[in-house]
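In: predicted model and sequence below, questions to follow.
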Protein chains: 2
Amino acid sequence: MHGFTSGPVTAADFSDEERDAVYKAIYTRRDVRDQFLPDPIEDDVLMRLLDAAHHAPSVGFMQPWNFILIRDDVRKAEVRRAFTRANAEATAMFPDERQALYASLKLEGIVKAPINLCITCDRTRGGDVVLGRTHNRQMDVYSTVCAVQNLWLAARAEGIGVGWVSIYHDQDMRRILGIPDHVEIIAYLCIGYVDQLYDAPELEKRGWRKRLPLAELIHDNQWQGENPLSSGLPRRDPIAGLPATPSASD
Amino acid sequence: MHGFTSGPVTAADFSDEERDAVYKAIYTRRDVRDQFLPDPIEDDVLMRLLDAAHHAPSVGFMQPWNFILIRDDVRKAEVRRAFTRANAEATAMFPDERQALYASLKLEGIVKAPINLCITCDRTRGGDVVLGRTHNRQMDVYSTVCAVQNLWLAARAEGIGVGWVSIYHDQDMRRILGIPDHVEIIAYLCIGYVDQLYDAPELEKRGWRKRLPLAELIHDNQWQGENPLSSGLPRRDPIAGLPATPSASD
């Protein structure tokens, strides 16, 4: 029945050690492409990961996600072919001086990871009018991404690595996995135990891009000036108290 | 310089207690609308939350996010007016029998929360061709949502509640915060300490929607049959081993 309410209760406290564990998951999480071990993931562990995803925030409590587990070698090989075709196109899009480095990067662990997981968003779930989605139709998609990140952090705490593969044509993945039109593919994840990880994002370690200084990304009360990070141009409207902008070639 | 690589290192282990702490954050996280305390959030704590967001995964290490902190009462009041106007429109969209319940829900804590935070996505950062975004232009937006979820879980571990406000017209928020066209507004968050929280999602407690059974949301190797959750129709193509579908009116 509608309308039954029991109110909020005393919020659980986090000890310093518990708080630090959450940050440990956040800071040591990596996008894994090559460190997957062949060890199978036990069903109860896998269900813990999916249940963590299922407890993400969702707009209007819509829970728009589905989870397609891919463990079949033939299907993984099909997905990998779709990736390989798209990645060849991607390589050609980069400037000449970046192509060798791009081509040297391993960007997927589709076949190596024991489990692949496609997380989707059913745009029709909950009907035409969903609480909180009335003015932003993308909120269901955002909810689904929150589920991805919940799973990613839970996996880290279980000693399991996750890699997000995004280089494929949507139509290829739809065909391979039989996904209907009203369902959007949000994430294709490679999942497996790891005992080695990079101590910083792999793209940073390999010299692809640097971490931006956090202070440069913070604005007070409103967007101030042209953000210099997008263009590499000198800042036109400096924000008091923040360090000077590094040049784009630093 | 490009090309410098140091390889992966031994991955940090999580003790059982550390693992449980990550799940505790995931399971006790709530979308908070009314439980905010007036206590100010210390700058160092706030910076920890923003740094947790800044360590989200991002496509091509693009780090497309910015963080606009809103602490000014006048601006908060403007945002609240934008919400109130949109929420009146939203109320009218629901069927008659849902409108009274909808109107009874508190859906924002804009003025009550000591800090509001708008997280945006700069679609131009990193230039025209971004690694991993060549075939899915939305990956930068998804990265930014991962930053939201990192912050949300870190906040939970700090005893801080977060509520995501999504009921406003995009153009209103752009005007109030002075956000340029190449930057997309992803999330408007209300943030403050809490000592009380619901022990399940507020919309579930208030009878708006029920939690879906996880087993219903899992597919093996491909999307199987019509998903009965979106339509309430009986399942046409049952998945072996899963429980029967509850009717939509359960």
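Out: Yes, it's here. Because the structure is a prediction, the values reported are computed rather than measured.

In: downstream of the longest strand along chain A, the next helix or strand is which one?
Out: Ranked by number of residues, the top strand in chain A under DSSP state E is strand A:183-193. Downstream of strand A:183-193, the first helix or strand assigned by DSSP states H and E is strand A:196-197.

In: what strands line up against that next one, and which way round?
Out: The strands beside strand A:196-197 in its sheet (DSSP bridges) come out as strand B:9-10 (antiparallel).

In: now do the strand it pairs with, average pLDDT.
Out: Regarding strand B:9-10, the rounded mean pLDDT is 96.

In: let me see the domain layout of chain A.
Out: Following automatic domain parsing, one finds the domains of chain A at A:30-128+A:135-196, A:213-250.

In: and the longest strand of chain A with chain B, contact?
Out: Yes. Judged by C-beta under 8 Å from any C-beta of the partner chain, strand A:183-193 comes into contact with chain B through A:183, A:186-187. Where you see a C-beta, it was placed from the backbone N, CA and C, and this is true even at glycine.

In: mind listing the strands for chain A?
Out: A:9-10, A:65-70, A:115-122, A:160-165, A:183-193, A:196-197, A:218-220.

In: mind listing what residue A:139 touches?
Out: Going by C-beta atoms under 8 Å, 6 or more residues apart in numbering or on different chains, residue A:139 touches A:59, A:130, A:132-133, B:166.

In: which of those tops the neighbour count?
Out: When neighbours are taken as other C-beta atoms under 10 Å in any protein chain shown, the top entry among the contacts of residue A:139 is residue A:59 (27 neighbours).

In: show me the contacts for it.
Out: A:130-133, A:139-140, A:142-143, B:166.

In: adding pLDDT, write those out as JSON lines.
Out: JSON lines is the format used below for these (pLDDT from 0 to 100):
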{"residue": "A:130", "pLDDT": "94"}
{"residue": "A:131", "pLDDT": "95"}
{"residue": "A:132", "pLDDT": "95"}
{"residue": "A:133", "pLDDT": "95"}
{"residue": "A:139", "pLDDT": "97"}
{"residue": "A:140", "pLDDT": "98"}
{"residue": "A:142", "pLDDT": "98"}
{"residue": "A:143", "pLDDT": "98"}
{"residue": "B:166", "pLDDT": "98"}
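
In: widest-spaced pair of those?
Out: Pairwise distances across the contacts of residue A:59 peak at 14.3 Å for A:131 and A:142 (criterion: C-beta to C-beta).

In: quick one on the thing from earlier: residue B:203 is nearest to which of the domains of chain A?
Out: Among those, domain A:30-128+A:135-196 comes nearest to residue B:203, with 4.1 Å by C-beta to C-beta.

In: quick one: the longest helix seen in chain A to strand A:183-193, angle?
Out: When chain A is parsed with DSSP state H, its longest helix is helix A:73-93. Between helix A:73-93 and strand A:183-193, the angle comes out at 100 degrees (axes from the mean of the first three to the mean of the last three C-alpha atoms, to 10 degrees).

In: residues in contact with the residue nearest to residue A:78 when sequence neighbours are not counted?
Out: Spatial nearest neighbour of residue A:78, excluding adjacent residues (C-beta to C-beta, 6 or more residues apart in numbering or on different chains): residue A:176 at 5.0 Å. Neighbour list for residue A:176: A:75, A:78-79, A:82, B:222 [criterion: C-beta under 8 Å, 6+ apart].

In: from those, pick the one nearest residue B:11.
Out: Of all the contacts of residue A:176, residue B:11 sits closest to residue A:79, with 25.5 Å by C-beta to C-beta.

In: distance of the closest one relative to residue A:145?
Out: From residue A:79 across to residue A:145, the span is 20 Å (C-beta to C-beta, to the nearest Å).

In: distance of the nearest residue to residue A:197 once chain neighbours are set aside from residue A:156?
Out: Sequence neighbours aside, residue B:11 is the residue nearest to residue A:197 in space, at 4.2 Å (criterion: C-beta to C-beta, 6+ apart). Plainly put, residue B:11 is 9 Å away from residue A:156 if you go by C-beta to C-beta.

In: who's more crowded, the two?
Out: Per other C-beta under 10 Å, whichever of residue B:11 and residue A:156 has more neighbours is residue A:156, with 26 against 20.

In: surely the more buried one is in contact with residue A:31?
Out: No. In this structure, residue A:156 is not within contact of residue A:31 by C-beta atoms under 8 Å, at 11.3 Å.

In: quickly list what's touching both of the two.
Out: Common contacts of residue A:156 and residue A:31, defined by C-beta under 8 Å, 6+ apart, comprise residue A:162.

In: how about the helices in chain A?
Out: A:16-28, A:43-54, A:73-93, A:96-104, A:139-157, A:170-177, A:202-205.

In: from the contact counts, what lies against the third one?
Out: In this case it means helix A:73-93. helix A:96-104, helix A:170-177 (3 or more C-beta pairs under 8 Å, 6 or more residues apart in numbering or on different chains; DSSP states H and E).

In: out of the ones you listed, flag the one nearest residue B:218.
Out: helix A:170-177 (13.4 Å).

In: keeping just the C-alphas, turn that closest one into CSV.
Out: Extracted C-alpha coordinates of helix A:170-177, given in CSV (Å, rounded to 0.1, in the frame of the first residue of the first chain):
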residue,chain,number,x,y,z
ASP,A,170,26.9,0.2,-31.0
GLN,A,171,25.1,-1.8,-33.8
ASP,A,172,27.8,-4.5,-33.6
MET,A,173,27.3,-5.0,-29.9
ARG,A,174,23.5,-5.0,-30.2
ARG,A,175,23.7,-7.7,-32.8
ILE,A,176,26.1,-9.9,-30.9
LEU,A,177,24.2,-9.6,-27.6
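
In: okay, buried residues for it please.
Out: Buried residues in helix A:170-177, defined by neighbour count with 16 or more other C-beta atoms under 10 Å in any protein chain shown: A:172-174, A:176-177.

In: next one: stretch A:194-214
Out: Going by neighbour count (16+ other C-beta under 10 Å), the buried part of stretch A:194-214 is A:194, A:197-198, A:201-203, A:206, A:208-209, A:212, A:214.

In: starting at the chain centroid, how far to that stretch?
Out: Relative to its parent chain, stretch A:194-214 has a centroid offset of 15 Å by C-alpha atoms, centre = their mean, to the nearest Å.

In: how many neighbours does the residue nearest to residue A:159 when sequence neighbours are not counted have?
Out: Distances taken as C-beta to C-beta, 6+ apart place residue A:193 nearest to residue A:159, at 5.8 Å, with adjacent residues excluded. Around residue A:193 there are 20 other residues, counting by other C-beta under 10 Å.
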